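Enquirer: I need the structure of the sequence given here:
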Amino acid sequence: MIRDVTPHDLFLASAAVLIGLVAGLLLRVTLRWLGERARGTRWGGDDIIVAALRTMAPWGALAVGCSAAAASLPLTRAVGRDVDRTVIAILILAATCAAARAIAEVVRSVTQSRAAVAGSASIFVNITRATVLALGILALLQTLGISVAPLITALGVGGLAIALALQDTLANLFAGVHILVSKTVQPGDYIRLSSGEEGYVVDINWRNTVVRQLPDNLVIIPNSRLAGTIMTNYHRPEQQLAVLIQVTVGYGSDLDHVERVTTEVADQVMAEVPGGVPDHESAVRFHTFTESGVGLAVVLRALEFNHQYLIQHEFIKRLHRRYRAEGIQLPVPGRAIMYVNDANGVTA
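Expert: Predicted coordinates for the structure are as follows:
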């Protein structure tokens, strides 16, 4: 110190710290109120901005108060320099956390906006957050006077050992990145693996892919296995898909009449049932002479994979009702057993 500390100095320093603390609390309360207002708007960018400010502003106010307190005290040049470095370090750390949160939320919103249903590619979110935090830590170390060159060199030398120890983890990480970049699977897609697992892709993170089945169970699939398996993606190249329903009518039916009635019911279902494609031209194709009647296939179309079940349900109900009204018979399979008595009275 260049002189003794007086009570006046202590009062000013305490007041500066207290004002910074109160300002930080007021900023946090104000930004929380703004966050509630921002959630009611259509634009999602204001939520990200307010959330980032909530992370940085209170710490910034406290750092400014501490800096003002240090300036009011008779500190030596070395101590003042250390205090300034500490304040700058706090600001860098707060700015890094705020930037990591904001950029990660931007990446998350972009991935969710491209998904058909609720989902996210958290692998990109985590990589983005880790990258921003790493850059911020390097800047923090440099500010504190710690050379980062030896640290980077050590990380480079130890990278090979880390890669060997984390082969499975890195394989899943790069497989997840490859899956997303190649766009073979995106969050929100409905997929079915050759091993039988199927459902909506909820998340693709750094290690595995989370799939939600229709009964709301979660299936966890390692990214490397997903990348190496045979898979059907029902959302690629488009979400709409054909719904094929098999029907059999009796041999005594007028097939032209059957085709006309079936087409009318199919068009009605497409126009009225949620999930149907109203402008789809339904197709009826006769294809087989079965043991009990003539087989035909009805081609409908659903907007999305899960919609096909309601379409099938409504079509079968309405077609059965219409066939009964039109007198079109739906054959019941049956088998005749013949008993023959031979000359010795034995029944076969």
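Enquirer: For residue 261, see how far away the residue nearest to residue 253 when sequence neighbours are not counted is.
Expert: Using CB to CB, 6 or more residues apart in numbering and skipping residues adjacent in sequence, the residue nearest residue 253 is residue 328, 5.4 Å away. Any C-beta I mention is one placed from the backbone N, CA and C, and that applies to glycine too. Computed as CB to CB, to the nearest Å, the residue 328 to residue 261 distance reads 7 Å.
Enquirer: so is the residue nearest to residue 253 in a helix, a strand, or just coil?
Expert: Three-state call for residue 328 (DSSP: H, G, I helix; E, B strand; the rest coil): coil.
Enquirer: Residue 248 too?
Expert: Per three-state DSSP, residue 248 ends up strand.
Enquirer: what's the closest non-adjacent residue to it?
Expert: With CB to CB, 6+ apart as the criterion, residue 248 has its nearest non-adjacent residue at 4.6 Å, and that residue is residue 293.
Enquirer: Tell me which other helices or strands the helix or strand hosting residue 211 touches.
Expert: Assigned by DSSP states H and E, residue 211 belongs to strand 208-212. Strand 208-212 sits against helix 167-182, strand 198-204, strand 218-222, helix 223-228, with contacts defined as 3 or more CB pairs under 8 Å, 6 or more residues apart in numbering; DSSP states H and E.
Enquirer: can you pull out the helices in the stretch 201-348 of the chain?
Expert: For the stretch 201-348 of the chain, applying DSSP state H, counting those that start in this stretch gives helices covering 223-228, 255-272, 308-326.
Enquirer: ok, now how distant is residue 192 from residue 14?
Expert: Distance, residue 192 to residue 14, by CB to CB: 67 Å.
Enquirer: Buried residues, the helix or strand harbouring residue 33. List them.
Expert: Using DSSP H and E, residue 33 sits in helix 7-38. Buried positions in helix 7-38, judged by neighbour count with 16 or more other CB atoms under 10 Å: 9, 12-13, 16-17, 19-20, 23-24, 27-28, 31, 34-35, 38.
Enquirer: what bridges to residue 245?
Expert: Counting by DSSP bridges, residue 245 is bridged to residue 298.
Enquirer: Low-confidence ranges, the protein, go.
Expert: Flagging of the chain using pLDDT under 70 yields the residue ranges 1-5, 9, 44, 46, 75, 110-122, 148-167, 333-348.
Enquirer: Which residues does stretch 226-240 contact?
Expert: With CB atoms under 8 Å, 6 or more residues apart in numbering as the test, stretch 226-240 has contacts from 116, 175, 178-179, 184-186, 188-195, 209, 241, 277, 301-305.
Enquirer: List the contacts of the residue nearest to residue 248.
Expert: By CB under 8 Å, 6+ apart, the contact list for residue 293 reads 248-251, 253, 330-331.
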